[in-house]
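Novice: what follows is a predicted protein model with its sequence.
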Amino acid sequence: MKRFKERSIGELYRDDPERADALVFGRQAKTNRRGFLKGAGLTAVTAAVGGAIPFADSMPGGLIPAALAQGTPGAAPAKPDAPMMLKMDGKAELIVLQEKPLNAETPAHLLDDEVTPNEKFFIRNNGNLPEATANPKAWKITVDGEVDNKQELTVEDLEKKFQQVSFKLQLECGGNGRSGFSPEARGNQWSNGAIGCAEWSGVRLSDVLKAAGLKSSAVYTGHYGADPHLSGDTSKPTISRGVRLEKAMEPHSIIALRMNGKPIPLVHGAPARLVIPGWPGSTSAKWLNRIWVRDKEHDGPGMTGASYRVAKVPMVPGGKADNANMVILESMPVRSIITNIAHGTELPAGTRKLDLRGHAWAGENTISAVHVSIDYGASWKAAEVKAPANKYAWQRWTAAVDLPSAGYYEAWVRATDSSGKMQPHVVGNWNPQGYGGNAMHRIALLVKA
Amino acid sequence: MKLEFIHIVAGLLVFVAIFLLIDKQTRFAPRPLPSAARPAVPAPAATPAVVERPPVGEHGDTVESLPEGPGREETFYACAACHGTAIVRQQGMTRLQWDASIDWMIERHGMARPDQAERDVILDYLTTQFPPRARRGRDNPFLKN
């Protein structure tokens, strides 16, 4: 027994999933890749997940049950490696990935609101938080580069001189879903919670660029914010990303001054930030103080190498990237989450029907279908999908499923976008920094006996 | 042979049970924090624990925030000047990837260049403590480290 003491079941699975199945549970992967449970094995998994497994026959071999893979949110953690919860005024208990720089994601079950409230919005910082400005109205944004009239616009100018617009826009970290990569990709190990869809109000970026007078040489933007570099070197921009001019001119790309009707909280970019919806969140510079219009692809920190790039020709997972093969990630991929019920929820004995609900979104695209499964993908049921509030707002889906008995279930959700692309079972297209990881969302449920 | 197997299975079952009782880790959480770093988890209602936290955007890490092993101090002082250790503990990388990460910290982020001996110590530490954890999928016959 001794030599197994240090090994958790999770580790066994990580090392060799199929062997772990066979060894621990007596489950063997079938040639059709679906596992089966037999004899003592079934009892063991049952014990492990805390209930009978009604769809044991279709439980995939080597795929660690969701109950073991994620742990139970909300349960009092007994070990120091339990997730660290955010304690911050004006913020909900998000899961802290790191404190400096502060990065925290929203558990899926806190994302149930149609419009994400400020307190539940995930936090992604690349640098230190800047000081809050004493006079937000006087905050200056410079627009320079390939323009006829360089602009120095204050927040007050933006409020007075430009048309005010308001949209519900999804904003998602480029690395959302990174933790699904195998082998691990470098960076914050987000699950699915680096997403929010708030109501953002402000002015169209296109109006501001037009006011500056775009030269015919203008093809790209470069965005700068006031967040100091972590090293303390004030000459170094923390990050500076940009977009093709076409995206900057899209009517939903805005300089936001308000978040859900209120001044933007400091941690979300007060007093002014970009919101470039549907593209990696790093293009939506917080604490915006400069837009440099470029005559070529922007080359600020975060634009080159493997940063925010995916492999054009698929590369070997874990291998060394050829920079010439890395292309900028623009539209975020299709993704869906279950939000009305938390991973690890125990349902009362006798529960035989379950309403499922959540959101789905797909970067530049819309959602054409959402399906749910409670039998590991052996069968799927179509959900109802609502139209988005406006372009780039996430879409509400709802479904009801029947639970044939008590026991352990996993609810899986899978969205398909308007281009026909569907979320995969596992994250593919490995790239060193882990972008585009959009495997289906899975939650574990237990119907009490 | 058969008996031993039954023992192993029995042992594992006990372990599974214990695991389920105590090990609610999420695989997305950073690596184990040894005692010094205090994750602020909801305390039981009866005993409102005083959780000391650094100001927002600061890390309260100490050397003990990294797992024990040769090179821990060197690594802490080289790597926790700009950010906390959580971003390091979150990773599981090969030596090659750690080596490239150090280059990146130097070239892109302005980390002071360690001399070769120090670099080797840090690299040994990172490679030993934070290797790729996951073979979450199948074997990769093409990957040679």
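Specialist: Received the coordinates, thanks.
Novice: how is chain A divided into domains?
Specialist: A:123-304, A:335-447 (automatic domain parsing).
Novice: what about the helices in chain A?
Specialist: According to DSSP state H, chain A carries its helices in the segments A:9-15, A:17-20, A:39-49, A:66-70, A:155-161, A:205-212, A:245-248.
Novice: using PDB, list the CA coordinates for the fifth one.
Specialist: Once side chains and other backbone atoms are set aside, the C-alpha atoms of helix A:155-161 remain, and they are given as PDB (Å, rounded to 0.1, in the frame of the first residue of the first chain):
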ATOM      1  CA  VAL A 155     -13.100  61.600 -21.400                       C
ATOM      2  CA  GLU A 156     -15.200  64.800 -21.200                       C
ATOM      3  CA  ASP A 157     -14.600  65.300 -25.000                       C
ATOM      4  CA  LEU A 158     -15.700  61.800 -25.700                       C
ATOM      5  CA  GLU A 159     -18.900  62.300 -23.700                       C
ATOM      6  CA  LYS A 160     -19.700  65.700 -25.300                       C
ATOM      7  CA  LYS A 161     -18.600  65.500 -28.900                       C
END
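Novice: okay, and for chain B, where does confidence drop off?
Specialist: Residues of chain B meeting the criterion pLDDT under 70: B:1-54, B:134-145.
Novice: let me see the ranges of the helices in it.
Specialist: According to DSSP H, the helices that chain B contains are B:2-22, B:72-79, B:86-89, B:95-107, B:116-129.
Novice: is the shortest one anywhere near chain A?
Specialist: This means helix B:86-89. Yes. Helix B:86-89 lies within reach of chain A by Cβ under 8 Å from any Cβ of the partner chain, at B:86-87. Heads up, the C-betas are built off the backbone N, CA and C, glycines and all.
Novice: just checking, what packs against that helix?
Specialist: Packed against helix B:86-89 by the contact rule (3 or more Cβ pairs under 8 Å, 6 or more residues apart in numbering or on different chains; DSSP states H and E) you find strand A:95-98.
Novice: nearest residue to residue A:58 other than its sequence neighbours?
Specialist: The shortest distance from residue A:58 to any non-neighbouring residue, by Cβ to Cβ, 6 or more residues apart in numbering or on different chains, is to residue A:378 (3.7 Å).
Novice: wait, isn't the one you found in contact with residue A:410?
Specialist: No. Counting by Cβ atoms under 8 Å, residue A:378 stays clear of residue A:410, with 11.5 Å between them.
Novice: more neighbours: which of these two?
Specialist: Applying other Cβ atoms under 10 Å in any protein chain shown to residue A:378 and residue A:410 shows that residue A:410 carries more neighbours, namely 23 against 13.
Novice: what bridges to that one?
Specialist: residue A:444 (DSSP bridges).
Novice: now residue A:274
Specialist: Beta-bridge partners, per DSSP bridges, of residue A:274: residue A:255.
Novice: before we move on, what about residue A:220?
Specialist: residue A:244, residue A:294.
Novice: and it, how far is that from residue A:345?
Specialist: 46 Å (Cβ to Cβ, to the nearest Å).
Novice: cool, residue A:132 as well?
Specialist: Counting by Cβ to Cβ - residue A:132 and residue A:345 are separated by 39 Å.
Novice: which one's more surrounded, the two?
Specialist: residue A:345 (18 against 11).
Novice: show me the contacts for the more buried one.
Specialist: A:443, A:445-446 (Cβ atoms under 8 Å, 6 or more residues apart in numbering or on different chains).
Novice: buried ones among those?
Specialist: A:443, A:445-446 (16 or more other Cβ atoms under 10 Å in any protein chain shown).
Novice: which one of those residues is nearest residue A:215?
Specialist: residue A:443 (51.4 Å; Cβ to Cβ).
Novice: could you find the closest non-adjacent residue to that closest one?
Specialist: residue A:343 (4.1 Å).
Novice: what's the answer for residue A:240, then?
Specialist: residue A:300 (2.9 Å).
Novice: my guess is that neighbour contacts residue A:237, does it?
Specialist: Yes. Checked against Cβ under 8 Å, the pair residue A:300 and residue A:237 is within contact range at 6.4 Å.
Novice: more neighbours: the two, which one.
Specialist: More crowded of residue A:300 and residue A:237, by other Cβ under 10 Å: residue A:237, with 22 against 16.
Novice: for the nearest residue to residue A:180 once chain neighbours are set aside, what are its contacts?
Specialist: Closest residue to residue A:180 apart from its sequence neighbours, by Cβ to Cβ, 6+ apart: residue A:427 at 3.8 Å. Applying Cβ under 8 Å, 6+ apart, one finds that residue A:427 lies in contact with A:177, A:180-182, A:436-439.
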